[in-house]
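[1] Got a sequence here, can you build the structure:
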Amino acid sequence: MAVVETVRLHLRPWREEDLDELLHLYADPEVMRNISGGRPFQRGRVVTLLENALRQWADRGFGPWIAIDKKSGAWIGEIGLNEIPDWPDLHNVEVGWELLPAWWGRGLAPEGGRAALWFGFAKHRLDRIISVTKPENAASQRVMEKIGLFYQGKRPYREAEPVWYALDRTAWETSSAGHMASYEIRDKTQFNERREPPRV
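    Got it, this is the predicted structure:
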C-alpha cells in the first residue's frame with residue numbers, strides 16, 4: 001500500500017509527471033524561506049530530489065507523498081517520509097512537509113504528518129522517525145509537536161545547527177495517536193483519522 005487518504009488529503013507517491021509542480025513548489029520564496037533563505041532550487045536539484053524519491057519508493061516502499069486536496073483535486077505540495085542519508089544518526093527517516101502558501105494555516109501539515117507517522121510505524125515498522133528544521137522555523141516546530149514528536153535539541157549538520165525532533169515507535173504505539181482504534185483503514189488503501197475511544 002502506498003496511496004493513503006486522510007479526511008481532507010489524497011496522498012500518493014511522487015511521479016515523474018510531478019516535476020513541473022515540484023519546480024513551482026521549490027521556486028516559491030515563502031516555501032523556500034526556511035529551506036534556502038528564499039532562493040529557489042534550480043531545475044537540476046529538483047530533478048535529483050524527484051529521482052531520489054522514486055528510488056526510495058522502489059527500494060523501501062515509502063517516501064514523500066504528493067498532497068492533493070480531496071475536495072478540489074488541487075495539487076497543494078508534498079508531505080511524507082524521506083531518508084536523509086547524511087544525517088549523523090542511525091535513524092535517518094524524516095517526516096516533513098512543504099505546502100504552497102495558499103494552503104497554510106488549515107491544519108493540513110499535521111493531518112498529513114500523522115498519516116506519515118502511521119505509515120512509517122504501523123506499515124513499515126520503523127523504530128524511530130525524526131524531523132529537522134531551522135531554529136527560527138517556529139511554525140514547523142509547532143507541527144512537529146502537534147503530531148507527537150519530542151524536541152531533541154540542536155545538532156551540527158551541513159555546516160549549520162538545526163533543531164530536531166523525534167518519536168519512537170514504542171511511544172507512538174502507546175499514544176492515542178498510535179492506537180489502531182483511532183484509525184479506520186478501508187480496503188488497505190485509506191487512512192482516516194478518527195477519535196474513537198480506545199479498546200479496553
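[2] mind listing what V31 touches?
    Applying CB atoms under 8 Å, 6 or more residues apart in numbering to V31 gives the contacts 25, 77, 98-101. C-betas here are computed from N, CA, C, even on glycine.
[3] if you set the cut-off to 10 Å instead, what comes out?
    Going by CB atoms under 10 Å, 6 or more residues apart in numbering, V31 touches 24-25, 38, 40-41, 77, 98-101, 104.
[4] Likewise for P29?
    Counted by CB under 10 Å, 6+ apart, P29 has contacts 36-40, 101.
[5] One more: L23?
    40-43, 45-47, 50.
[6] Same list (those) but as a markdown table, adding secondary structure.
    Compiled in a markdown table, the contacts of L23 are given as follows (DSSP: H, G, I helix; E, B strand; the rest coil):
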| residue | secondary structure |
| --- | --- |
| P40 | coil |
| F41 | coil |
| Q42 | coil |
| R43 | helix |
| R45 | helix |
| V46 | helix |
| V47 | helix |
| L50 | helix |
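[7] Just the buried residues of those residues.
    Buried by 16 or more other CB atoms under 10 Å: 40-41, 46, 50, out of the contacts of L23.
[8] how about the nearest residue to L49, chain neighbours excluded?
    Leaving aside its chain neighbours, L49 sits nearest to L22 (7.1 Å; criterion: CB to CB, 6 or more residues apart in numbering).
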